[in-house]
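[1] What follows is a predicted protein model with its sequence.
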Amino acid sequence: MVSGERSAAGRFAGRSVLVTGAAKGIGRAAVAGFARAGARIVAGDIDGEALRELPAVIPVAEIELVTADVSDPDGARSMVEAAVRRYGGLDVAIANAGIIPLAGILDTSVQDWNDVMAVDGRGMFLTCKYAIEQMSGAGGGAIVCVSSISGLAGQKGQAAYGPAKFVATGLVMHLAVEWAAAGIRVNGVAPGTIRTDRVQALADEPGGPEYLESIARMHPMGRFGEPDEVADAMLFLASDEAAFITGTVLPVDGGYLAQ
Ligand SMILES: NC(=O)c1ccc[n+]([C@@H]2O[C@H](COP(=O)([O-])OP(=O)(O)OC[C@H]3O[C@@H](n4cnc5c(N)ncnc54)[C@H](O)[C@@H]3O)[C@@H](O)[C@H]2O)c1
């Protein structure tokens, strides 16, 4: 595709895009962003009830809802298969589904570790695996994995979640190299703290609203990011404008990692 050939509004016109963890937060913003850009969407999430609300709250021409668990191989595969069945293929996969348990190592059990590694680790691996299986037989595609500032640098109180986000960063780098010649680009975003329901719920956890405000102040811009701001970076990385970009994890963090 020649640069500029598609208008910004239609730059994903006719393309099939899977978003995992699509029902809330960053995933929901990604669905909205890709829909505005003309994409045909598969929205996958474990929370079927929240997923079913999507078409009512987001203007989207074509959407297929898949209630499934990305940590389960059949679940992750069913999201990719939905794109193939309905749209004839998969052009873009946004591997976003994740859980965000925050605790230091002394308060982290083996079960806590296994839980976060199952979703943020294995789930991301499975989403990439089945997406690449599809894309490799169809001439290419683009994947964006959702890492985190915690997947690029150390933080306090993230003894299991932080290492799980390094899985996303690792998948981006290794799969980008493995699949570059096949026309599959694999990139990531590393959000700082983003104003999603999960983050706002931190006000009810130990530390309360003061803890939440202190996190905002840790970002040089002095505020949380918005889900749309992460979605915009995903759209760029998945678009033809990023045709020579692969293996990159782009911070969307108000300057956090520059400190
Ligand atoms: N919010 C932040 O500050 C922030 C910062 C950095 C990275 N992230 C990452 O962004 C991604 C989305 O986070 P968010 O803040 O939007 O969270 P969220 O909790 O608002 O949304 C996550 C969505 O994923 C779904 N989900 C959870 N487990 C699933 C599973 N096993 N299978 C399918 N769907 C599942 C949930 O039902 C939910 O709809 C996560 O990977 C998270 O690690 C978030």
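    Arrived safely.

[2] going forward, measure contacts and count neighbours with C-alpha atoms only.
    OK.

[3] residues making contact with stretch 96-106?
    19-22, 26-27, 45, 70, 112, 116, 119-120, 123-124, 145-146, 156-161, 198 (CA atoms under 8 Å, 6 or more residues apart in numbering).

[4] out of those, which are inside helices?
    Per DSSP state H, helices hold the following members of those: 26-27, 112, 116, 124, 161, 198.

[5] Which one of those is nearest to the ligand?
    Ile26 (3.8 Å; CA to the nearest ligand atom).

[6] Thought Val199 was touching the closest one, still the case?
    No - the pair Ile26 / Val199 is not scored as a contact, 11.2 Å apart, by CA atoms under 8 Å.

[7] can you pull the contacts of the closest residue to Gly208 other than its chain neighbours?
    Nearest non-adjacent residue to Gly208, counting by CA to CA, 6 or more residues apart in numbering: Leu202, 6.8 Å away. By CA under 8 Å, 6+ apart, Leu202 lies in contact with 208-209, 211-212.

[8] So between Ile26 and Val199, which is more surrounded?
    Ile26 (26 against 15; other CA atoms under 10 Å).

[9] Next, the contact list for that one, please.
    Listed by CA under 8 Å, 6+ apart, the contact set of Ile26 reads 96, 196, 227-228, 230-231.

[10] ranges for the strands of this structure?
    16-20, 40-45, 63-67, 92-95, 141-146, 184-191, 249-252 (DSSP state E).

[11] can you redo these as TSV with distance to the ligand, mean neighbour count and mean pLDDT?
    Converted to TSV, those look like this (distance: least, CA to the nearest ligand atom, whole Å; neighbours: other CA atoms under 10 Å; pLDDT from 0 to 100):
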stretch	distance to the ligand	mean neighbour count	mean pLDDT
strand 16-20	6	29	99
strand 40-45	4	28	98
strand 63-67	8	20	98
strand 92-95	8	29	99
strand 141-146	5	27	99
strand 184-191	4	28	99
strand 249-252	9	22	98
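
[12] Tell me how many other residues crowd Thr110.
    Slight slip there: residue 110 is Val, not Thr. Val110 has 8 nearby residues by other CA under 10 Å.

[13] Arg77 and Lys129: what is the separation?
    9 Å (CA to CA, to the nearest Å).

[14] And for Arg15?
    For Arg15 relative to Lys129 (CA to CA), the value is 20 Å.

[15] Many thanks, we can stop here.
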